[in-house]
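Participant: the following comprises the amino acid sequence and a computationally predicted model.
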Amino acid sequence: MGTACEYDVIVIGGGPVGLSSAYHLSLRRVRSLVLEQFTFANQLASSAGVSRQFRIPYPERYMVQLVRQSLPFWQELQAFTDTRLLEEAGTLWFGDKSVHTSEGNIADAEEALKAEGIAYTSLDRDALERHYPFVNLPENYVGLFQSQGATINLRETIKTLLDINRRSAYVSMKSEAPATSIWRKDQKFYVTTPLGIFVAPKLILAPGPYANGLFRMLGFDIDATFWNMSSAYFKLLDPSLRYPTWFAFQNPDGENGNEFYGFPELDWNNPGYVRVASDFVVTPLSSPEQRTFVPNQKELSFTANWVREHMKGVEPTPQYTSTCLVSLSTIANKELLIDFAPASVPGSKNIVLYTTGWAAKFVPILGRILSDLSLDGRTSFDITNFQTGTNYLKML
Ligand code: BEZ
């Protein structure tokens, strides 16, 4: 085997987290290879679509801390592009204060923001309807507004990371290169792909929803379900209306999970339309292969009904639709898992992984954390709450 196939770190998974990891490795002059099973910037996994939410409110202080710590890393990435990566419009959380969703709970988030000394505004139902274009909200609804909330331009984030890595002498990237087997010999990992065998003493695994296909090659897996999440764009009939990024906390109603979130109108994402999505699925999948690219019609109609009922100046017929596939575990609040492979996997301390949960807002800092763990075995960021591999990663 020639030396051309050897790297310091092989990153498996060429989505935003894998690309960010390679970028951070390159800052330390570490040679990495990113293996992407499909093509880069594809629409086949968790980074499908264009926009995601950036928000500071979280029900746990450590999440608020992590998301704030991610801001300098967003700024660092921003320096590489003239296109705004975070389009600030504020975060508006509103709804029933007692409802706990996978995003958290309004009252807990207020406590966490208070404890972290972060300014926010509380609103009652009347103030909510006065300040924002929502209507017919139940009388018990309250709101929390935090001004640093933003729409993440995920497409531009991925493009920026790809551009940086393409220019880097330290990063190699290969598409159509799924790992088909991984073995370890003489302190090195050998990763077989249709493009050849690649070798490195360290692995970073960032496989998105395709986690178990990869983890099983190493002898472990995670108990995960898969949500093929649907969203749609609705025509903004009154362009003077300004929607923030928002999330509605409501009790489920039968099959209708009743949690919805949305974005402002954006000139880089179907201008003239606002995106509204459901944060639930009617039917979770048991493997990523079960997904289709057609949004679930029930989820779309629940969303359209909510738009009709509660959004001012918006035509309630879904126009453009999209789906994205996310893997979620049984971890409370659908949090991230950032850890080494289980101890009984040979070379486990040289295998770092990120899996499950919603990570778009953490992409720039996650790359730093994964590269720290890979190169130093530790990171200065407090990830104790995410190092839950012993609870959730199971040997086969
Ligand atoms: C989030 O901010 O983490 C989020 C928002 C909406 C849907 C899913 C996740």
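Facilitator: Structure received.
Participant: tell me the buried residues in the biggest strand by length in the chain?
Facilitator: Secondary structure of the chain per DSSP state E: the longest strand is strand 224-235. Residues 224, 226-235 are the ones in strand 224-235 that count as buried (16 or more other CB atoms under 10 Å). Using the backbone N, CA and C atoms, a C-beta is placed for each residue, glycine as well.
Participant: quick one: the strands in the stretch 101-250 of the chain?
Facilitator: Under the criterion DSSP state E, counting those that start in this stretch, strands of the stretch 101-250 of the chain are mapped to 121-124, 142-146, 150-153, 171-174, 181-185, 188-193, 196-200, 202-205, 220-222, 224-235, 245-249.
Participant: could you redo those strands as a markdown table and give each row mean pLDDT?
Facilitator: As requested, these are arranged in a markdown table below (pLDDT from 0 to 100):
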| stretch | mean pLDDT |
| --- | --- |
| strand 121-124 | 98 |
| strand 142-146 | 98 |
| strand 150-153 | 98 |
| strand 171-174 | 98 |
| strand 181-185 | 97 |
| strand 188-193 | 98 |
| strand 196-200 | 97 |
| strand 202-205 | 99 |
| strand 220-222 | 97 |
| strand 224-235 | 95 |
| strand 245-249 | 97 |
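Participant: for the ligand, which of the ones you listed is the nearest?
Facilitator: strand 245-249 (5.9 Å; CB to the nearest ligand atom).
Participant: quick one: strands adjacent to the closest one?
Facilitator: In the sheet, strand 245-249 lines up against strand 91-95 (parallel), strand 260-262 (antiparallel) (DSSP bridges).
Participant: so can I have TSV of the ones you listed showing distance to the ligand and mean pLDDT?
Facilitator: Output for the strands paired with strand 245-249, formatted as TSV (distance: least, CB to the nearest ligand atom, whole Å; pLDDT from 0 to 100):
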stretch	distance to the ligand	mean pLDDT
strand 91-95	8	98
strand 260-262	4	98
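Participant: how about the strands of the stretch 101-250 of the chain in TSV, adding distance to Asn212?
Facilitator: Output for these, formatted as TSV (distance: least, CB to CB, whole Å):
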stretch	distance to Asn212
strand 121-124	42
strand 142-146	35
strand 150-153	27
strand 171-174	22
strand 181-185	14
strand 188-193	17
strand 196-200	21
strand 202-205	11
strand 220-222	5
strand 224-235	7
strand 245-249	29
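Participant: so for Lys361, which of those sits nearest?
Facilitator: strand 150-153 (6.4 Å; CB to CB).
Participant: does any part of the closest one sit near the ligand?
Facilitator: No. Strand 150-153 is not in contact with the ligand by CB under 6 Å from any ligand atom; minimum separation 9.4 Å.
Participant: which regions of the stretch 1-150 of the chain lie under the pLDDT threshold?
Facilitator: 1-4 (pLDDT under 70).
Participant: Thr283: which of the buried residues of strand 224-235 is nearest?
Facilitator: Closest to Thr283, out of all of the buried residues of strand 224-235 and judged by CB to CB, is Asn228, at 8.5 Å.
Participant: so what's the residue lying closest to the closest one once chain neighbours are set aside up against?
Facilitator: Spatial nearest neighbour of Asn228, excluding adjacent residues (CB to CB, 6 or more residues apart in numbering): Arg291 at 4.5 Å. Neighbouring residues of Arg291 by CB atoms under 8 Å, 6 or more residues apart in numbering: 226, 228, 285, 323, 325.
Participant: so the fourth one: helix, strand or coil?
Facilitator: What it means is Thr323. What DSSP: H, G, I helix; E, B strand; the rest coil gives for Thr323 is strand.
Participant: can you report how many residues neighbour it?
Facilitator: 20 (other CB atoms under 10 Å).
Participant: so it touches Phe226, yeah?
Facilitator: No. Using CB atoms under 8 Å, Thr323 makes no contact with Phe226, being 11.4 Å away.
Participant: just give the nearest non-adjacent residue to Leu214, would you?
Facilitator: Nearest non-adjacent residue to Leu214 (CB to CB, 6+ apart): Pro207, at 4.6 Å.
Participant: burial count for that neighbour?
Facilitator: Count around Pro207 with other CB under 10 Å applied: 26.
Participant: distance-wise, check it relative to the ligand.
Facilitator: Remark: distance between Pro207 and the ligand (CB to the nearest ligand atom, to the nearest Å) = 19 Å.
Participant: can you name the residue of the stretch 51-200 of the chain nearest the ligand?
Facilitator: Gln53 (4.1 Å).
Participant: three-state assignment of Phe38?
Facilitator: Per three-state DSSP, Phe38 ends up coil.
Participant: SS state for the nearest residue to it once chain neighbours are set aside?
Facilitator: Closest residue to Phe38 apart from its sequence neighbours, by CB to CB, 6+ apart: Leu44 at 5.3 Å. With three-state DSSP as the basis, Leu44 sits in coil.
Participant: if we can go back for a sec, name the helix or strand for the residue of the stretch 51-200 of the chain closest to the ligand, please.
Facilitator: strand 51-54 (DSSP states H and E).
Participant: with just CA atoms, put the following helix or strand past that strand into CSV.
Facilitator: Downstream of strand 51-54, the next assigned helix or strand under DSSP H and E is helix 61-78. This file holds the C-alpha atoms of helix 61-78, laid out as CSV (Å, rounded to 0.1, in the frame of the first residue of the first chain):
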residue,chain,number,x,y,z
ARG,A,61,-27.8,26.3,31.0
TYR,A,62,-25.0,24.1,29.5
MET,A,63,-26.8,24.3,26.1
VAL,A,64,-27.1,28.1,26.3
GLN,A,65,-23.4,28.2,27.1
LEU,A,66,-22.5,26.0,24.2
VAL,A,67,-24.5,27.9,21.7
ARG,A,68,-23.0,31.2,22.9
GLN,A,69,-19.5,29.6,22.7
SER,A,70,-20.3,28.8,19.1
LEU,A,71,-20.7,32.4,18.1
PRO,A,72,-17.0,33.3,17.7
PHE,A,73,-16.7,30.2,15.5
TRP,A,74,-19.5,31.4,13.3
GLN,A,75,-17.7,34.7,13.1
GLU,A,76,-14.5,33.0,12.1
LEU,A,77,-16.3,31.1,9.3
GLN,A,78,-18.1,34.3,8.2
